[in-house]
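Colleague: build me a model:
(one chain, ligands or ions: 1)
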Amino acid sequence: MISADIAALLYLVAGVLFIMALRGLSNPRSAQQGNRFGMIGMGIAILTTLALAAPSDWVSWVLIIGGIGLGGGIGAYMARTVKMTDMPQLVAAFHSLVGLAAVFVAAAALYAPEAFGIGIPGDIHAQALVEMSIGVAIGAFTFTGSIIAFAKLNGNMSGKPIILPARHAIHIVLGVAMLVLVWAFTVSADPWLFWAITVLALVLGGLMIIPIGGADMPVVVSMLNSYSGWAAAGIGFTLGNTALIITGALVGSSGAILSYIMCKAMNRSFISVILGGFGGDSASSAAAAEDDRPVKQGAAEDAAFLMKNAGKVIIVPGYGMAVAQAQHALREMADLLKKEGVTVKYAIHPVAGRMPGHMNVLLAEANVPYDEVFELEDINSEFAQSDVAFVIGANDVTNPSAKTDKTSPIYGMPVLNVEDAGTVLFIKRGMAAGYAGVQNELFYRDNTMMLFGDAKKMTEDIVKALGH
Ligand code: NAP
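Modeller: Just a heads-up that it's a prediction; the model follows:
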């Protein structure tokens, strides 16, 4: 057992470590160190909580240690085996569990308030009732919302936006009904009202996420991440646990900031994402791609020849590179080009791929030097001075219609000015559109050469051609 003062101090140390973890994670160079800070902080928080409220019976210890072992074991296994492209749905699945935990803790506090020091059954402190009802509402909403997000990202449900009739009116009615129930519960503490809030929030979470299309899903996942943080902070108040309040607030605010950054990078307003109806799935992408204008097609040898003789090549990776896992072959190609005296740089669009930092993580995995990797605003003006833009599995992030076509769903999104380069090489399997489902005018331009094939296979072929 430790005193409450010592525990408060240790929780503060854990909180500082969590902030250092977030700081570290903001850059691939310091991300591993950031992760370590996070793990140490979490270890301190768990041990402090156990020392503070050490149970006296062995059954509780078995449950606690068994729970940590089982949960930690499954989490470690999943984190080790998950494919990079499946990361968004893994995060959605984890958030659903945070939401469910918030519901369970609120229910436990309702039925055993004396264990939480918030009153006795039938006479719970008013403040705790408010925290409990808000915590359970956000938790239940996050639970079903995250499950729908998981199903859409994992392909169990269509990624198309599903437009339910009168959905906005239904959401408003359910939202208002929930506020009334929260108010009624805080004055009566009736367990039936508690469960009514839970059911309503479960329904609302599902209904609000169903109309949102797959293209907006990463924003939704980040938004649900934020909600799960606020739910955790709510539980922290109920449990009187400072570490949980700090962690919840950090997750809540960082998730909200991330959602904002993603919306800005895609030129979408947060409200329009929540209202749903944007984007499509691969079927609509294929439909958008029906266009029989001729394109200039090349082979790996042509690409190798062009780049070998170039002064400067800018590589633009996108979702297709991630799917094909072409990053190692890509680095090999860049190494060979550098040996030939070619300057090689990588241009990263903030929403290339399917989650923030997607490309940075993959390039870091392939040991691409950090000083060759540039953000959009730092490199966009350099395309005009480069001989080749090598676009590997990217599409939307290069689409000039974002600059010119007011009717385009991506109009206003900042894009990489690849067309300013002497030649633009596009590696993709066919003429299909990108995630936003819009055709890319660049494929038909005179200074574009299409390299049709799987990103990894084509890059390996270029590597072979460069070796000769
Ligand atoms: P994209 O526009 O989705 O295009 C990816 C291209 O890769 C496709 O046109 C596809 O064409 C090609 N491809 C797929 N598999 C391939 C393979 N194995 N080998 C070669 N090519 C392959 O991707 P992006 O340019 O990276 O843009 C990202 C999109 O996702 C944006 O619309 C963005 O708004 C959206 N988004 C991103 C985030 C984020 O956080 N990063 C969040 C939300 C939404 P083929 O089928 O013809 O091969």
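
Colleague: give the contact list for the residue of the stretch 201-350 of the chain with the smallest separation from the ligand.
Modeller: Closest residue of the stretch 201-350 of the chain to the ligand, C-beta to the nearest ligand atom: residue 320 (2.5 Å). C-betas here are computed from N, CA, C, even on glycine. When contacts are counted by C-beta atoms under 8 Å, 6 or more residues apart in numbering, residue 320 touches 326, 392, 393, 394, 395, 427, 428, 429, 455.

Colleague: in the stretch 51-200 of the chain, which spans are strands?
Modeller: 119-120, 123-124 (DSSP state E, counting those that start in this stretch).

Colleague: returning to that earlier point: isn't there a helix covering the residue of the stretch 201-350 of the chain closest to the ligand?
Modeller: Yes - with DSSP: H, G, I helix; E, B strand; the rest coil as the criterion, residue 320 is located in a helix.

Colleague: any idea of the pLDDT on it?
Modeller: Per-residue pLDDT puts residue 320 at 95.

Colleague: and it, how far is that from residue 438?
Modeller: Separation of residue 320 from residue 438 (C-beta to C-beta, to the nearest Å): 16 Å.

Colleague: deepest-packed of the strands of the stretch 51-200 of the chain, please.
Modeller: Counting by mean count of other C-beta atoms under 10 Å, strand 123-124 has the highest mean neighbour count of those, with a mean of 14.

Colleague: pLDDT on stretch 120-137, on average?
Modeller: 90.

Colleague: which parts of this protein sit against the ligand?
Modeller: 215, 218, 262, 266, 318-320, 323-324, 351-356, 358, 393-397, 427-430, 432, 434-436, 454-455 (C-beta under 6 Å from any ligand atom).

Colleague: just those: which are in helices?
Modeller: 218, 262, 319, 320, 323, 324, 358, 455 (DSSP state H).

Colleague: name the nearest residue to the fourth one, ignoring sequence neighbours.
Modeller: Read that as residue 320. Leaving aside its chain neighbours, residue 320 sits nearest to residue 393 (2.0 Å; criterion: C-beta to C-beta, 6 or more residues apart in numbering).

Colleague: could you check the pLDDT of the one you found?
Modeller: 96.

Colleague: surely it touches residue 317?
Modeller: Yes - under the criterion of C-beta atoms under 8 Å, residue 393 makes contact with residue 317 at 6.7 Å.

Colleague: okay, these two: which has more neighbours?
Modeller: residue 317 (31 against 28; other C-beta atoms under 10 Å).

Colleague: for the more buried one, list the residues it contacts.
Modeller: 327, 330, 346, 348, 352, 353, 359, 362, 363, 392, 393, 394.

Colleague: what's near enough to touch whatever residue of the stretch 51-200 of the chain ends up closest to the ligand?
Modeller: Residue nearest to the ligand within the stretch 51-200 of the chain: residue 88 (8.1 Å; C-beta to the nearest ligand atom). By C-beta under 8 Å, 6+ apart, the contact list for residue 88 reads 153, 217, 218, 221, 354, 355.

Colleague: among the residues you listed, who's most crowded?
Modeller: residue 221 (30 neighbours).

Colleague: hmm, it is touching residue 94, no?
Modeller: No - contact criterion C-beta under 8 Å: residue 221 and residue 94 do not qualify, at 10.0 Å.

Colleague: quick one on the thing from earlier: and the contacts of residue 320, which is closest to residue 255?
Modeller: residue 394 (26.1 Å; C-beta to C-beta).

Colleague: spatially nearest residue to that closest one, not counting backbone neighbours?
Modeller: Closest to residue 394 by C-beta to C-beta, 6+ apart is residue 318, at 2.4 Å.

Colleague: how many neighbours does the one you found have?
Modeller: 30.

Colleague: okay, helices next: where are they in the stretch 51-200 of the chain?
Modeller: Applying DSSP state H, counting those that start in this stretch to the stretch 51-200 of the chain gives helices spanning 58-81, 87-111, 113-116, 126-153, 167-188, 191-209.

Colleague: now those helices in CSV, with distance to residue 293?
Modeller: Listed next are the helices of the stretch 51-200 of the chain as CSV, based on distance: least, C-beta to C-beta, whole Å:
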stretch, distance to residue 293
helix 58-81, 43
helix 87-111, 34
helix 113-116, 68
helix 126-153, 33
helix 167-188, 39
helix 191-209, 38
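
Colleague: hey, which of those is tucked in deepest?
Modeller: It is helix 126-153: most buried of these by mean count of other C-beta under 10 Å, with a mean of 25.

Colleague: and that one, what other elements does it pack with?
Modeller: Judged by 3 or more C-beta pairs under 8 Å, 6 or more residues apart in numbering; DSSP states H and E, helix 126-153 is in contact with helix 87-111, helix 167-188, helix 191-209, helix 217-239.

Colleague: tell me the domain boundaries of this structure?
Modeller: Domain assignment for the chain, taken from automatic domain parsing, gives 1-81, 85-281, 286-467.

Colleague: those: lowest mean pLDDT?
Modeller: domain 85-281 (a mean of 86).

Colleague: tell me, how many residues neighbour the residue of the chain found nearest the ligand?
Modeller: Evaluated by C-beta to the nearest ligand atom, the chain has residue 434 as its residue closest to the ligand, separated by 2.1 Å. Counted with other C-beta under 10 Å, the neighbours of residue 434 add up to 24.

Colleague: how close does the nearest residue to residue 269 once chain neighbours are set aside sit to residue 415?
Modeller: Counting by C-beta to C-beta, 6+ apart, residue 263 is the residue found nearest to residue 269 once chain neighbours are left out, at 6.4 Å. Taking C-beta to C-beta as the criterion, residue 263 is separated from residue 415 by 16 Å.

Colleague: re the thing from before, as a markdown table, the helices and strands packed on helix 126-153 with distance to residue 302 would be great.
Modeller: Formatted as a markdown table, those follow (distance: least, C-beta to C-beta, whole Å):
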| stretch | distance to residue 302 |
| --- | --- |
| helix 87-111 | 34 |
| helix 167-188 | 51 |
| helix 191-209 | 46 |
| helix 217-239 | 35 |
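
Colleague: quick revisit: list the contacts of the residue nearest to residue 320.
Modeller: So residue 393 contacts 317, 318, 319, 320, 321, 322, 323, 324, 326, 427, 428, 455 (C-beta under 8 Å, 6+ apart).
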